[in-house]
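Q: quick one, structure for this:
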Amino acid sequence: MLFWLFRISALLGLPLLAYVFLDNWYSVILAFILALVIVAAEYFIRTLKFISIIVGIFGALIGYGIFFIGNYVVSQMELPEVSAFWNANSATVAAVLTMLGACIALIRAPEITGIKRKGRHIKVIDASALIDGRIYDICESGFLTGELLISKTVLKDLASLADSKDVIEKARGRRGQDILRRLKEIRGLRVHVTSKEGKGKNSQQKLVSLADLYQASILTVDFNINKEAIIKNIPVLNIADLTRSLKPVFLPGTKISLFVMKEGKEKDQGIAYLDDGSMVVVEGGRKFIGKRAEAQVYSILQTSAGKMFFTRVCETEE
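A: Presented below is the predicted three-dimensional model:
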């Protein structure tokens, strides 16, 4: 509320003061533009972290230091034309270099400062999650928030696979590297590579140790890492578990569109499959083999291999 009062006061107060004391519409317009600049600067500074502001100030000092060095070099040169130009524009050059240094430092601040805060908002990703690839779709949809942390151990594992002589291993390694590159391109997603590797004899132990260090959770599809992390009481976000939990729920009476692939055992039956591999028996579906059919679920059978759905054709879709 206080920030909005400040903004409204600046946008209305400065033009009003300009009108009262200067009695000039040109001054009122300039005062309003100045108020907009002040409000924009206030909003920009307020959204920055304290450490980013420190980095920005340091960048500004470096920019001014470059100007100071340039000023010294010009003063030592015996070139009247260069000295005259520099003296006439030294204030502008100083301002530009200082602002440029501050802007570059602010842009690079996340990489310079790295991850300082610990907590469950950080997700440590292992190589299996990158190779699997589904993490990209999850992140692109916006369901995964926080910061993604990649250790150099994972990068080394991917590089080792990518350089393998085995064609399959090479393809897996390159896929993992490609998914990581695409993750970094997702707007608004924070992906960091840390030089810390964690402690342990193998990649799994190092990953779990790193997650423990940052008090983070682990993103994986590897059952062994899942087991290792649970033993040490570290939260695990297993993408395979997420996929299983997101399987569609079909209750009796639900209408679903199916592609009938082959004939069933009984007369006039067709067989279709859901995306997760579940088999669907389609009564009256034999004539729709190779086509799509609209069917209604009337029974569900739970087996050791999963669920089997029994449906009846109610509407066709050519």
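Q: isn't residue 297 right up against residue 256?
A: Yes. In this structure residue 297 lies within contact range of residue 256 using C-beta atoms under 8 Å: 6.7 Å. (C-beta placed from N, C-alpha, C; glycine too.)
Q: what is in contact with the two at once?
A: 250, 311 (C-beta atoms under 8 Å, 6 or more residues apart in numbering).
Q: what strand or helix carries residue 313?
A: Remark: residue 313 resides in strand 306-317, with elements defined by DSSP states H and E.
Q: same check on residue 171?
A: Using DSSP H and E, residue 171 sits in helix 167-185.
Q: which secondary element of this structure has the worst mean pLDDT?
A: Least confident helix or strand, the chain: helix 109-113 with a mean of 55, by mean pLDDT, DSSP states H and E.
Q: so what's the residue sitting nearest the centre point of the chain up against?
A: With distances taken as C-alpha atoms, centre = their mean, residue 189 lies nearest the centre of the chain, 2.1 Å away. For residue 189, the contacting residues are 139, 144, 148, 183, by C-beta under 8 Å, 6+ apart.
Q: which SS state does the nearest residue to residue 225 once chain neighbours are set aside fall under?
A: Excluding the flanking residues, the one nearest residue 225 by C-beta to C-beta, 6 or more residues apart in numbering is residue 204, at 5.1 Å. The three-state label given to residue 204 by DSSP: H, G, I helix; E, B strand; the rest coil is helix.
Q: got it, and the one 5 residues further on?
A: The local conformation at residue 209, judged by three-state DSSP, is helix.
Q: with adjacent residues omitted, what lies nearest to it?
A: Residue 209 sits nearest to residue 198 (C-beta to C-beta, 6+ apart), 3.4 Å away.
Q: same question, residue 175
A: residue 131 (5.6 Å).
Q: residue 213 contacts residue 200, doesn't it?
A: No. The criterion here is C-beta under 8 Å, and residue 213 misses it with residue 200 at 11.5 Å.
Q: can you list the residue ranges for strands in the stretch 51-200 of the chain?
A: 122-125, 147-151, 190-194 (DSSP state E, counting those that start in this stretch).
Q: from the ones you listed, which stretch is densest packed?
A: Each of the strands of the stretch 51-200 of the chain was scored by mean neighbour count; the highest is strand 122-125, a mean of 24, by mean count of other C-beta atoms under 10 Å.
Q: that one pairs with which strands?
A: If you go by DSSP bridges, strand 122-125 pairs up with strand 147-151 (parallel), strand 217-220 (parallel).
Q: for residue 98, which of these is the nearest?
A: Of all the strands paired with strand 122-125, it is strand 147-151 that lies closest to residue 98, at 31.0 Å by C-beta to C-beta.
Q: buried sites along the one helix or strand residue 32 maps to?
A: Taking DSSP H and E as the definition, residue 32 sits inside helix 25-47. By neighbour count on 16 or more other C-beta atoms under 10 Å, the buried set for helix 25-47 is 28, 31, 32, 35, 39.
Q: okay, the fourth one and residue 28: tell me how far apart.
A: According to C-beta to C-beta, to the nearest Å, residue 35 and residue 28 sit 10 Å apart.
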